[in-house]
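>>> No letters, just coordinates:
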Ligand code: AMP
């Protein structure tokens, strides 16, 4: 069965898609926690950060994040977040990066 994010990628359910390339699709988070909150997801259904293949090419998400951040005008910086598992706050089991920006980010995160 497809993940929620694959359904967005395949336009089976609505998504505010802002970017896509051969490996990555990005759309606005449905419950944003910052002025810019975009989810970048791999087209491949990888369960999460801990399931990334050992010898895979992992630069696609970071490259896409850089492009999208520029498109969104995040000249003062931004934060990238990957959640893994229950304690990490992961709710969707499909590898994704949160791109957060448009306000200063606090540390430590909640
Ligand atoms: P995580 O908690 O790291 O697994 O992140 C999942 C994110 O997906 C959350 O920030 C949700 O708000 C977001 N999300 C859930 N459903 C949708 C949807 N239909 N469209 C866009 N974002 C969603």
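Received, thanks. No experiment lies behind these values; they were computed from the predicted model shown.
>>> Which positions in the longest helix along the chain come out as buried?
Ranked by number of residues, the top helix in the chain under DSSP state H is helix 59-71. Within helix 59-71, the residues scored as buried using 16 or more other CB atoms under 10 Å are 60, 61, 64, 65, 68, 69. For the C-beta atoms, the positions are set from N, CA and C on the backbone; glycine is no exception.
>>> Kindly indicate which of the residues you listed lies nearest the ligand.
Comparing the buried residues of helix 59-71 against the ligand with CB to the nearest ligand atom picks out residue 61 as the nearest, at 13.2 Å.
>>> how would you label residue 5: helix, strand or coil?
Following DSSP: H, G, I helix; E, B strand; the rest coil, residue 5 is assigned to helix.
>>> so how far is the ligand from it?
8 Å (CB to the nearest ligand atom, to the nearest Å).
>>> check contacts around that residue.
Shown in contact with residue 5 (CB atoms under 8 Å, 6 or more residues apart in numbering): 25, 39, 41, 92, 94, 96.
>>> so which of those residues are also by the ligand?
Among these, the ones lying near the ligand by CB under 6 Å from any ligand atom are 39, 92.
>>> Just the buried residues of the contacts of residue 5.
Among the contacts of residue 5, the ones that count as buried by 16+ other CB under 10 Å are 25, 39, 41, 94, 96.
>>> Surely the last one and residue 41 touch.
Right, the one you point to is residue 96. Yes - using CB atoms under 8 Å, residue 96 is in contact with residue 41, at 4.3 Å.
>>> near the ligand, which residues of the protein?
So far as CB under 6 Å from any ligand atom goes, the chain lies against the ligand at 4, 15, 27, 29, 30, 31, 39, 83, 89, 90, 91, 92.
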